[in-house]
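In: Predicted model follows, preceded by the sequence.
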Amino acid sequence: MPGTGASQAAYLSELFGLSGRVAVVTGAADGLGKVTAIALARAGADVVTADVDEAGLANTDKQIADLGAGHLAVPCDIGSEDQVQAMFRAVDEKFDRIDILVNNAGILVTLAAPEDYPLAAWNRTMQVNVTGAFLCARQAGRRMIASGNGENIVNLSSIGGLTALAGGSLSYDVSKSAVAQLTRELAVEWARYGIRVNALAPCHFRTRGWSSAIDDPAQRQTIETIVRGIPLGRMGEPEEIVGPMIFLLSPAASMVSGIVLPVDGGNLAMNATAGGVMAGNYSFESDQ
């Protein structure tokens, strides 16, 4: 067993530290991407951030710089192959390596019934959430294969990619299911190079958009319905993505690849008929 004090800190650093790594985090201007990028810097990595929101991106980059980490902010629409290629060229010029890719960027363009879902919204969702994740993984993968250092990738899927959320989120849910399968395919294909590929599947987290909905009386019923589906009884806080993310990216997960890890307060574990049990209703009796 490890000792206390300095020896304990060294042990934890060896398991979970990311010193010397270069990480690329997409969708880093806000939300889960922002807290992830800052957390990786705190764990010792140099961090490249990318987003279409240049003002938010600059703010994230400044916070990383204030931590003393190496940093680079690259405005980038990951749905554009040219922009993704340019971003990775900038990474090459600044750091000449990449050890970590966090494919976080994603969009939900609109909510609509499947029979009326706009094709333009469907196409744009797929372009960013699926094609964008693929384009970034392909560029990172080429460099990781060439280096032979056994790097790793974490993609952001969703509980909506593993079960149907409905409510008009058709294209988002389908795109996140594709991200989960992209994760499995890449994990198997690139295992021979020592590259680990995993995904996180969050439930609803209290990012800026959901915080606004929580404060809107007109959205109260929607929020209550969402929270009823989370056994822990609340949405996730953005910082709660950090632990699972650091674990998957760290040496502690060196034998973990190809998984889609729920970060969902028990959402996927709960059967739809569990409502009575969750409410403490144990009145039913059976001799079976």
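Out: Okay, I see it. Numbers count the residues shown, from 1 in each chain.

In: mind listing the strands for the stretch 151-288 of the chain?
Out: With DSSP state E, counting those that start in this stretch, the ranges of strands along the stretch 151-288 of the chain come out as 152-156, 196-202, 260-263.

In: out of these, nearest to Gly70?
Out: Minimum separation from Gly70 across the strands of the stretch 151-288 of the chain (C-beta to C-beta) falls at strand 152-156, 18.8 Å. Glycine gets a C-beta too; all of them are placed from N, C-alpha and C.

In: Which elements pack onto the closest one?
Out: If you count contacts as 3 or more C-beta pairs under 8 Å, 6 or more residues apart in numbering; DSSP states H and E, strand 152-156 packs onto strand 100-103, helix 133-147, helix 170-190, strand 196-202, helix 242-249.

In: hmm, 10 Å instead?
Out: Here strand 152-156 touches strand 22-26, helix 31-42, strand 100-103, helix 133-147, helix 170-190, strand 196-202, helix 242-249, strand 260-263, going by 3 or more C-beta pairs under 10 Å, 6 or more residues apart in numbering; DSSP states H and E.

In: what would those look like in TSV with mean pLDDT?
Out: What follows is these, written out as TSV (pLDDT from 0 to 100):
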stretch	mean pLDDT
strand 22-26	98
helix 31-42	98
strand 100-103	98
helix 133-147	98
helix 170-190	98
strand 196-202	98
helix 242-249	98
strand 260-263	98
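
In: if we compare these, which one ends up closest to Ile226?
Out: Using C-beta to C-beta, the helices and strands packed on strand 152-156 put strand 196-202 closest to Ile226, at 12.5 Å.

In: Parallel or antiparallel, list what pairs with the closest one.
Out: Sheet pairing of strand 196-202 (DSSP bridges) gives strand 152-156 (parallel), strand 260-263 (parallel).

In: winner for burial among those?
Out: Stretch with highest mean neighbour count among the strands paired with strand 196-202: strand 152-156 (a mean of 27; mean count of other C-beta atoms under 10 Å).

In: Can you get me a residue count around the closest residue to Gly161 other than its chain neighbours?
Out: Once flanking residues are discounted, Gly161 sits nearest to Lys176: 3.0 Å by C-beta to C-beta, 6 or more residues apart in numbering. When neighbours are defined as other C-beta atoms under 10 Å, Lys176 has 29 of them.
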